[in-house]
Structure formats: C-alpha cells, structure tokens
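Asker: A structural model of the following input is requested.
(one chain, ligands or ions: 1)
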Amino acid sequence: MTDKEFEEKYGRPPVKPGQHAKVKVYWDRVIIALVLLALLIAVVVKIISAIVGAFSGGDKDESSSVKQAAVSGDKAESSNDDTSSDELGYELKVCIDPGHGGEDCGAENVEGTRFEKDDTLKLGLKVRDALEEKGITVVMTRDTDVLLALDEITDIANNANADLFVSLHRNSANPEYQGFEIWVSNYEPEADTLLASNILSAIDKVGITDNRNVNYGFFGEPQSNYHVNRCTHMPSCLCEMGFITNEEDNEYYDKYMDEYAQAIADAVEKTAVELEIVDENGKRLISTPYLSTKPQWDSKTQSFITKDEKVNKSVN
Ligand SMILES: [Zn+2]
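Answerer: The predicted structure is shown next:
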C-alpha cells in the first residue's frame, strides 16, 4: 500500500520510523520545562527565606539600628508611614520588670515574713495583664521567681526594642517611713520624667499613704543611677511602691493592687500617646523603637554611645 492509498483508507498518513523523532522533541521540551520549573522554585524559595530572615533577624541587628536611631536625633524620628508597626511587628511594646527574684528576696517586712520579690511579681503580672488587655505588647523581665543579673534585665528590654520600661520595687527603712516614690535617670530626661509623673499621679488617684515625688539619680547619691535607669535605651522609671517595712503601706499595697496595676497600665498608655509613639487608637506613629534622651548604653562595649560625665555609676 502506498502512502496515498493508506491515507485514503485511514484518513491520516501512515506512521513512519522517522516520526519517533517528533516524540523525542516532545520529551526534550518536557525536560527543559522541568529544569526551568526547578530553577523557578529555587528562586522563589530563596526569596521567601530572605524575607523570613529579614523578619526574624531584626533582633540580632538591634544595636546597630539603635545606634542609627541615636545618631538621627534626640528622639526617634516621627514618620507617618502606615507600615511602621508592620516593620517593627508591634504597635507599642512595654517592658515590665518585677524587681529582685530567686535568691535575691529584696527588702522584707519587720517580721521577716513578707518579701519584696513576691510583691513585685504579683503586681508585675497584674500590670502585664492590664496592658495586654489594651492590646499592648508586654515583655516581662521575669514572670516567675527567678534571679536575673542587672545586665540581663536591661539587655532583655533593649534587645526587645521596648518603647517604655517600668521597674517595680518596694522601699524599706525604719517602720515609720511611708509613701510611694519614683526614680528616674539623673540626666533628667523629659520622656522618662513624663512616664514617672504619669504613673505617680495615677497611683496617687487610687490612693497612697504619701506622695514622695519623682526623684532623680539614686537615694543619697545624686551622681549615681539605678542600673535599670542607666542602661535602658528607652524611657524608664523605677517605682518604689510603698515601704514594705510600713504596715499601712502594706495594707494599701494589698488592698489596691488591682487598681495600682490598672493605674500603671493607664499611665503607660497615656505616656505613649503623649510621646506620640502611638495615636489615641493605639496606632503606631513612629517607625523605630522610642529612645530616651539619656545617654545610650552599649552593652557590648560596656560604655555609652553618647557620652555624659554626669552618669558615672550604676547602683542596685
Ligand atoms: Zn527593690
């Protein structure tokens, strides 16, 4: 049968050995397509891992970003960029530090039955809950009965890029001393002072035995600072929530603990709005962590990025 006869009979040309070549071309194309697809997948995987790395690597890079921010101005530059909270991963971040812990019991009452470390932890956890209720991201330096070194406490706050830092303590002295006071860096930074005075007036409204004011430096040593006020990058204050050595202060502390926690959370939120870190709806207004104007401590070199002779010593 000729090709023509075949075509007339079957309606198509006969299959010839040479036609295998067509099949071969088809498979070649499939292989090329598969290679291209594999390359495409490799490129996509690389891009995704780069994006994921950029997000999770943020903390590692904090010291350089803090340095850049410190150089750029005395406080974090304001930006109307809507994506600022997306970049940072939070609208407002606050670090709460319940003082002492573990083997360090802090101060104790006259009978030796009540310890500062327990009081600060109880209040600290309530402050955390009140802040989280507002949708604020909270970093706790501790949420159990553990001891942290002072450097560890400030590293936690700095590495987390918290915007504000509140350390909770109880005072101790002769039993007749009473009242609540708050301590700020002796550099007298405005934002830190605002945070402290907002907290003090909020707890004063709840009820305190005596208002012993916002103070700078360290008791009896104006040239020294509490470590948490000296080595945090963000506005910070140390709250002495009454004297654990005074019975009436302890009664106030126990009776008003929930109200104090709420008052501190409200004051923190108010401060963040007044400093224009967030707006009244909690929407972040700046694209960097908020920095205090006090000298910025670099834990790697154990020195200040910005120098000031006034701050020379770290205590407690
Ligand atoms: Zn203390």
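Asker: gap between the residue in the stretch 51-200 of the chain that the ion sits nearest to and Phe180?
Answerer: Nearest to the ion in the stretch 51-200 of the chain, going by CB to the ion, is His169, at a distance of 3.4 Å. For the C-beta atoms, the positions are set from N, CA and C on the backbone; glycine is no exception. His169 sits 11 Å away from Phe180, taking CB to CB, to the nearest Å as the criterion.
Asker: kindly report the same for Ile32.
Answerer: Distance from Ile32 to Phe180, by CB to CB: 76 Å.
Asker: so these two - more neighbours on which side?
Answerer: Between Ile32 and Phe180, counted using other CB atoms under 10 Å, Phe180 has the larger neighbour count: 25 against 10.
Asker: okay, buried residues for the helix or strand in which Glu132 is found please.
Answerer: Secondary-structure assignment from DSSP states H and E places Glu132 in helix 116-133. Buried positions in helix 116-133, judged by neighbour count with 16 or more other CB atoms under 10 Å: 116-128, 130-131.
Asker: tell me what it is packed against?
Answerer: strand 93-98, strand 137-140, strand 164-171, strand 236-243, helix 257-274 (3 or more CB pairs under 8 Å, 6 or more residues apart in numbering; DSSP states H and E).
Asker: for stretch 181-194, what is the average pLDDT?
Answerer: Per-residue pLDDT over stretch 181-194 has a mean of 97.
Asker: so is that stretch next to the ion?
Answerer: No - Stretch 181-194 is not in contact with the ion by CB under 5 Å from the ion; minimum separation 10.5 Å.
Asker: could you list the low-pLDDT ranges of the chain?
Answerer: Low-confidence segments of the chain (pLDDT under 70): 1, 6, 13-25, 27, 30, 43-45, 47-83, 307-316.
Asker: quick one: contacts for Thr209?
Answerer: 178-180, 242, 246, 248-249, 252 (CB atoms under 8 Å, 6 or more residues apart in numbering).
Asker: quick one: it is in a strand?
Answerer: No - under DSSP: H, G, I helix; E, B strand; the rest coil, Thr209 falls outside any strand and is assigned coil.
Asker: quickly note the distance from it to the ion.
Answerer: With distances taken as CB to the ion, to the nearest Å, Thr209 is found 18 Å from the ion.
Asker: find the nearest non-adjacent residue to that residue, please.
Answerer: Gln178 (4.5 Å; CB to CB, 6 or more residues apart in numbering).
Asker: surely the one you found meets Asn250?
Answerer: No - counting by CB atoms under 8 Å, Gln178 does not reach Asn250; the two are 9.7 Å apart.
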